[in-house]
Structures are given as C-alpha cells and as structure tokens.
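Undergrad: Kindly return the folded structure for what I paste below:
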Amino acid sequence: MEGAVSGRISIPISHPNWFSPETGIYSSRHSPRSLPQDAFLDLVTFLFSRPHRGEIALVDSVSGLSISYPDLRSMVERVASGLRDIGVCPGQAVLILLPNSVLLPVILLGVLSLGAVITTMNPLSNIKEIQKQMECLRLALVFSSSEKLASLGRFGVPTVAVPSDLSYDSAQYPVFHKIVSGNPRIDWKPAIRQSDTAAILFSSGTSGSSKGVMLSHGNLISMVELFVRFEASQYKKHSWEDVYLAAIPMFHVYGLSLFSIGLLSLGSTVVVMRRFDAQEAAKTIARYRVTHFPVVPPIMAALIRAKDAHGCDLRSLKQASSGAAPLSKQLIHEFLRTFPHVDFIQGYGMTESTAVGTRGFNTENCKKYTSVGLLAPNMEAKVVNWETGISMPPGKSGELWLRGPAIMKGYLNDEKGCESIIDKDGWFKTGDIVNFDQDGYLFILDRLKDTIKYKGFQIAPADLEFLLISHNEILDAAVTSACDEEAGEIPVAFVVRKPGSNLSSAEIMEFVAKQVAPYKRIRRVIFVQSIPKSPAGKTLRRVLRNSFCPSRI
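TA: Predicted coordinates:
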C-alpha cells in the first residue's frame with residue numbers, strides 16, 4: 001500500500017554507525033540539534049523568541065473565532081500578570097481541568113510565564129479522582145468549566161470558571177475576565193531556571209499506580225526542539241503554512257506538547273475541536289483546509305467509517321500521525337486504503353520523556369507504516385534483555401531504555417520509584433518490549449509495564465484493583481488489558497468472589513463505573529479461583545493477560 005510523501009527532504013545522517021556493539025547504545029540517525037545553554041531560560045520566553053511569519057495561532061472550530069500570534073503573546077503576558085495580582089506565586093501549582101479550548105494554551109502559557117507549575121486532568125474525572133490528585137499537590141488555583149464549580153468548592157481551593165470560547169459574557173466570568181484583561185506588568189519578570197519544574201503530569205508510569213511526572217522548563221524546551229521543530233525541519237515548505245486539527249485531548253502530554261506549546265513556536269495554525277466527532281472533523285478539515293491531523297487509533301477508525309458512510313472530503317490533508325496507543329496492522333491498512341493521498345506516520349513517546357522518543361519518517365523508497373520511526377535527535381536508546389540484562393543488537397527484542405534531555409526530572413514525592421526506573425547513568429526504563437530493524441526503525445512489540453491504553457488514555461490497573469477489593473463481596477482482584485480494535489485496549493477485571501457470593505459481572509462493572517471517569521470503566525469481568533502472584537506477592541498481570549487475552553501482535 002503506497003502513501004503520499006509531501007515535500008520530504010533527505011535525512012541528514014551524522015552517525016552512520018548508529019549502533020555500538022561495544023556499548024549497546026543506539027544513537028539517532030538524525031543530526032544533533034543545538035539546545036539553549038542559558039540556565040535562566042523559561043519555556044515561554046524560548047517559545048516566543050522563535051522567528052516565524054505565522055498570523056493566526058488558534059481557531060475555534062465551531063465559532064471560527066481566532067487568536068492571532070500578536071494577541072496570543074499579549075494575552076499570555078496579561079494572564080501571568082493577572083495571576084500574580086490575585087496572589088499566585090512562582091513555584092505554586094495550578095490545576096487546569098478543562099476540555100479542549102483555544103483558551104487552554106493561553107492559560108497554560110500564562111501560568112508558566114509566571115513561574116508557577118501547571119498540572120492537568122481529564123475534565124471527565126469524577127470528584128474522588130480529582131480529590132486524589134489534589135491531595136498530592138498544594139494547589140494555589142484551579143481553572144475549570146463553570147459546570148464543575150459547585151463540586152470543586154468543597155476542596156477550599158480558589159477556582160476560576162473558564163468560558164468555552166472567545167465570545168463569552170464578561171459578567172458571567174468576572175474573575176477570568178479580570179485575569180485576562182488587565183495590563184501586563186512589564187517591570188516584573190521572575191527568575192526561572194531551565195531546571196525549575198514547569199509541569200506535573202500524572203501518568204501510570206511503568207507500573208500500576210498513578211505517579212506525578214515532574215517536567216522541567218528544560219524538558220519542555222527540548223520537546224519543542226527535538227519533537228516539533230525538528231519534524232517541521234524535515235519539510236521543504238514553511239511551517240507557518242501548516243494547519244493542524246486539535247481533536248486529541250490537550251490535557252494529555254501528546255496534545256499538550258503539540259497544540260499548547262510546540263506548534264506555537266512554528267507559526268502554524270491550530271484549529272481546536274472542543275470534542276471529537278468524525279463528521280464534524282471532516283467538515284472542519286475541509287472548511288479550514290487542515291493539512292496535519294495528529295490522531296489516536298479510535299479517531300482513525302472513526303474517520304474510515306465516516307468516509308465509507310458519507311464520503312468526507314479530506315483532500316487538503318497531507319499527513320496523519322498516530323501516537324499514544326497501540327495500533328493494529330489491519331487499522332493501518334484500512335486507513336491507507338481509504339486515504340491513499342495522506343502521508344501516515346506513527347510516533348512514540350511517554351509522559352516521562354516529555355512525548356519525545358521516535359517519529360515516523362517516510363521517503364519515496366522507504367515506508368515503514370508499522371514502525372514508530374527513528375530515534376529523535378539527541379536521544380539514545382538501549383534494547384535490554386529483561387532477564388539477562390544484556391543489551392541487544394538490531395533485530396533482537398528487549399526492553400527499551402531511553403536517555404536524553406527530554407527525560408523527566410523525576411516522580412513527585414517518590415524518589416524510590418524514580419530510582420527504580422532511571423539508573424545512575426540516566427537511562428529511563430520504559431517497560432516496552434521493542435526491537436530496532438537494520439535501518440534504525442523502532443517497532444513496539446509488547447509491554448512489560450501494566451498501564452492500559454484505552455483510546456489513548458492511560459489507566460492505572462492498581463487504581464481499579466483498589467476499588468474492586470473495596471467491594472464487600474470481592475476477596476481478590478487484578479486488572480489487565482485485552483485488545484480491542486476500536487479502543488486499542490480495554491480494562492479487564494479478574495475477580496475472586498468471597499465464598500457464597502453470587503456477585504455478577506454486571507454488578508461489578510456498575511460498581512466501578514459509579515466511581516471512575518467513563519474511560520476507566522471495567523469492560524469485561526472474568527471470575528477466577530485465585531490471582532497469580534510472584535513469591536514477593538506482586539500480581540502477575542502479564543500472566544493473566546497472556547492466559548486469558550489475545551495478543552495484539
């Protein structure tokens with residue numbers, strides 16, 4: 001199956017020997033990129049210092065109202081000053097609990113410009129989940145939709161209601177309007193180091209429990225250079241001519257890195273969908289002449305169905321890039337069949353690597369659609385046999401280890417957990433089983449880690465297991481994943497009922513559904529006599545998955 005390649009230039013190869021048999025280290029085939037060395041450089045200053053000729057930064061897909069690049073910068077400066085005026089200080093944490101919106105990047109960059117720390121959550125999270133994350137942080141402020149104000153009031157943290165678009169009534173959003181409409185204080189600028197924490201994003205990491213990933217300003221600057229700006233440099237055209245559709249969540253590291261930060265350094269236009277709908281996405285692509293569409297597998301599947309049912313027009317679309325979740329060969333084939341003019345690539349990254357890892361690269365003579373691509377510049381990798389600890393050469397599988405400037409500072413309040421996955425030499429153990437081929441392209445084969453990826457969202461099995469075991473008729477439980485063509489993976493619960501219990505699968509699923517966000521719901525229950533555990537008492541989720549659930553390879 002052939003796919004289009006739009007304006008690619010040749011790959012600059014500075015490391016012809018990109019694998020060292022002596023050290024077991026894989027180097028990027030791409031030339032290294034220069035990163036700023038100024039210790040006192042914050043992300044926002046770096047972002048707005050990048051020259052481009054972009055005019056429109058953000059567009060609301062429904063209303064068509066937009067924010068220009070000059071207005072974006074002034075709005076960010078006003079938000080930073082407004083936050084300072086209401087008492088938010090550098091180093092304090094601010095929770096952004098919002099769906100996709102053209103105002104989300106404005107708020108996020110304003111918080112970072114102040115020197116405060118952003119943390120994000122899925123706006124569909126329920127109160128118990130929000131409370132759990134709040135307990136990990138000392139929040140100074142919460143930005144939320146007006147619908148959540150009443151329920152958030154119980155936590156005693158000041159909350160600012162944010163309108164859904166730019167045409168809001170200032171009388172209904174007085175605090176927000178005050179923050180964004182004041183005069184920026186040009187006489188005051190905090191001293192922010194690249195090493196200072198900029199974001200705390202919660203991830204399931206490489207094990208079952210949710211962890212706060214601390215990312216520095218330097219990590220985010222590296223992400224902009226090694227992920228977004230580097231990819232743009234591979235094309236002959238100007239990046240400010242590109243139009244991206246933001247349908248994936250902007251609170252997730254994938255969407256946050258692209259739409260709220262990275263693309264804004266290029267001058268590209270970001271068209272923001274408040275919520276994804278396949279037919280609306282097709283209309284939006286046609287209306288705004290969208291050229292690039294970052295997706296997750298469920299969006300790909302929905303677009304295929306929409307094309308088959310309604311014949312949507314995606315002629316302007318040049319590239320679709322998939323990430324954040326496993327992708328089946330069948331879905332790739334169907335997408336290429338349906339949209340043969342689109343250059344399709346995959347990428348790989350994690351919250352702990354600030355979304356930096358690998359990126360697909362198609363040329364006229366090389367189209368490896370099932371690969372997640374080549375190592376990003378400045379990044380190194382090892383493929384380590386998880387039993388022997390020996391580094392493996394191309395063609396052999398093992399656990400992927402990454403090292404580079406985008407790797408996180410560490411886990412919040414969990415130094416021991418961080419030490420267990422980042423060794424003394426800076427190697428981050430991803431928990432993913434991979435291999436590199438003879439051309440340096442990376443293929444994801446399986447996972448050692450337990451995280452479940454449902455439609456691109458991360459689910460921590462341990463969180464669901466805690467809920468299940470709290471039920472008075474459940475003796476023991478484990479949660480793992482099963483493959484699903486549409487969702488990627490679904491959570492499956494293995495349950496040991498207490499003697500005499502007739503608890504049904506439906507009752508268990510309903511019990512969990514009442515206490516978690518919709519995407520975290522248990523989709524299948526399997527009753528077992530016991531849960532397999534290691535001699536140390538650790539649940540062997542991998543054994544359960546291999547025994548009861550079909551492999552995704």
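
Undergrad: make it CA atoms for all contacts and neighbour counts henceforth
TA: Will do.

Undergrad: Where does pLDDT dip in the chain?
TA: Within the chain, the stretches with pLDDT under 70 are 1-16, 186, 204-209, 309-311, 534-538, 548-553.

Undergrad: Break it down into its domains, please.
TA: As given by automatic domain parsing, the domain ranges for the chain are 19-28+39-445, 452-548.

Undergrad: among those, which is the most enclosed?
TA: domain 19-28+39-445 (a mean of 20; mean count of other Cα atoms under 10 Å).

Undergrad: quick one: terminal-to-terminal distance for that one?
TA: End-to-end span of domain 19-28+39-445 (Cα to Cα, to the nearest Å): 20 Å.

Undergrad: What of stretch 441-459?
TA: 28 Å.

Undergrad: Dump stretch 346-359 to CSV, keeping only the CA atoms.
TA: Extracted C-alpha coordinates of stretch 346-359, given in CSV (Å, rounded to 0.1, in the frame of the first residue of the first chain):
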residue,chain,number,x,y,z
GLN,A,346,3.5,6.8,13.9
GLY,A,347,5.4,8.2,16.8
TYR,A,348,6.5,7.0,20.3
GLY,A,349,6.9,9.0,23.5
MET,A,350,5.8,8.9,27.1
THR,A,351,4.9,11.4,29.7
GLU,A,352,8.2,10.6,31.4
SER,A,353,10.0,11.5,28.1
THR,A,354,8.0,14.7,27.5
ALA,A,355,6.5,13.0,24.5
VAL,A,356,10.0,12.7,22.9
GLY,A,357,11.2,9.3,21.6
THR,A,358,10.8,8.4,18.0
ARG,A,359,9.0,9.7,15.0
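
Undergrad: wait, doesn't residue 247 sit right on residue 272?
TA: Yes - under the criterion of Cα atoms under 8 Å, residue 247 makes contact with residue 272 at 6.6 Å.

Undergrad: quick one: secondary structure of the closest residue to residue 529 other than its chain neighbours?
TA: The shortest distance from residue 529 to any non-neighbouring residue, by Cα to Cα, 6 or more residues apart in numbering, is to residue 496 (5.8 Å). Look at residue 496: counting by DSSP: H, G, I helix; E, B strand; the rest coil, its state is strand.

Undergrad: got a list of what residue 496 touches?
TA: 474-477, 527-531 (Cα atoms under 8 Å, 6 or more residues apart in numbering).

Undergrad: rewinding a little: name the residues contacting each of residue 247 and residue 272.
TA: residue 100.

Undergrad: contacting residues around residue 334?
TA: With Cα under 8 Å, 6+ apart, residue 334 has these contacts: residue 304.

Undergrad: In which helix or strand does it reside?
TA: helix 329-338 (DSSP states H and E).

Undergrad: That helix: what's the following helix or strand?
TA: strand 343-348.

Undergrad: who does the helix or strand just after that next one pair up with?
TA: Next along the chain after strand 343-348, taking DSSP H and E as the criterion, comes strand 358-359. Strands that pair with strand 358-359, judged by DSSP bridges, come out as strand 343-348 (antiparallel), strand 374-375 (antiparallel).

Undergrad: follow-up on the earlier one: and the contacts of residue 496, which is closest to residue 409?
TA: residue 477 (33.2 Å; Cα to Cα).

Undergrad: hang on, residue 349 packs against residue 356?
TA: Yes - when contacts are counted by Cα under 8 Å, residue 349 is listed as touching residue 356 (4.8 Å).

Undergrad: thought residue 178 was touching residue 82?
TA: Yes - taking contacts as Cα under 8 Å, residue 178 lies within contact range of residue 82: 7.1 Å.

Undergrad: picking that back up, mind giving me JSON lines with the contacts of residue 496 and columns for secondary structure?
TA: Output for these, formatted as JSON lines (three-state DSSP):
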{"residue": "474", "secondary structure": "strand"}
{"residue": "475", "secondary structure": "strand"}
{"residue": "476", "secondary structure": "strand"}
{"residue": "477", "secondary structure": "strand"}
{"residue": "527", "secondary structure": "strand"}
{"residue": "528", "secondary structure": "coil"}
{"residue": "529", "secondary structure": "coil"}
{"residue": "530", "secondary structure": "coil"}
{"residue": "531", "secondary structure": "coil"}
